[in-house]
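Asks: give me a model of this one.
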Amino acid sequence: MAGDTRKSLDEGADIEKDASLNFKVSPAFKKEFKGYAVAQGVSMTELLKEGFILSKQSRQK
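Replies: Now for the predicted structure:
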């Protein structure tokens, strides 16, 4: 599934330039999120995008 998710994230990557997304989280959340991303071998951005896709899919049911 991760391969399918990454493919959908990159569609249109050549069309648009990435924009910055800024929001505040607790230092503990940031540390846990970053540690998990590293452990999974993905960037924090990739992890956020994958989580967003999964959240949208689960909320459509």
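Asks: the longest helix along the chain packs against which elements?
Replies: Identified as the longest helix of the chain according to DSSP state H is helix 44-59. When contacts are defined as 3 or more C-beta pairs under 8 Å, 6 or more residues apart in numbering; DSSP states H and E, helix 44-59 packs onto helix 2-10, helix 27-40. Using the backbone N, CA and C atoms, a C-beta is placed for each residue, glycine as well.
Asks: would you mark the buried spots in it?
Replies: Along helix 44-59, these residues count as buried under the neighbour rule (16 or more other C-beta atoms under 10 Å): Glu46, Leu47, Lys49, Glu50, Ile53.
Asks: quick one, that helix and helix 27-40 angle?
Replies: Helix 44-59 runs at 100 degrees relative to helix 27-40, counting by axes from the mean of the first three to the mean of the last three C-alpha atoms, to 10 degrees.
Asks: how about helix 44-59 as PDB, C-alpha atoms only?
Replies: This file holds the C-alpha atoms of helix 44-59, laid out as PDB (Å, rounded to 0.1, in the frame of the first residue of the first chain):
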ATOM      1  CA  MET A  44       8.500  13.800   7.900                       C
ATOM      2  CA  THR A  45       6.700  15.300   4.900                       C
ATOM      3  CA  GLU A  46       6.200  11.800   3.400                       C
ATOM      4  CA  LEU A  47       4.800  10.600   6.700                       C
ATOM      5  CA  LEU A  48       2.400  13.500   7.000                       C
ATOM      6  CA  LYS A  49       1.200  13.100   3.400                       C
ATOM      7  CA  GLU A  50       0.600   9.300   3.900                       C
ATOM      8  CA  GLY A  51      -1.200  10.000   7.100                       C
ATOM      9  CA  PHE A  52      -3.500  12.500   5.500                       C
ATOM     10  CA  ILE A  53      -4.400  10.100   2.700                       C
ATOM     11  CA  LEU A  54      -5.200   7.400   5.100                       C
ATOM     12  CA  SER A  55      -7.200   9.700   7.300                       C
ATOM     13  CA  LYS A  56      -9.300  10.800   4.300                       C
ATOM     14  CA  GLN A  57      -9.900   7.200   3.200                       C
ATOM     15  CA  SER A  58     -11.000   6.200   6.700                       C
ATOM     16  CA  ARG A  59     -13.400   9.200   7.100                       C
END
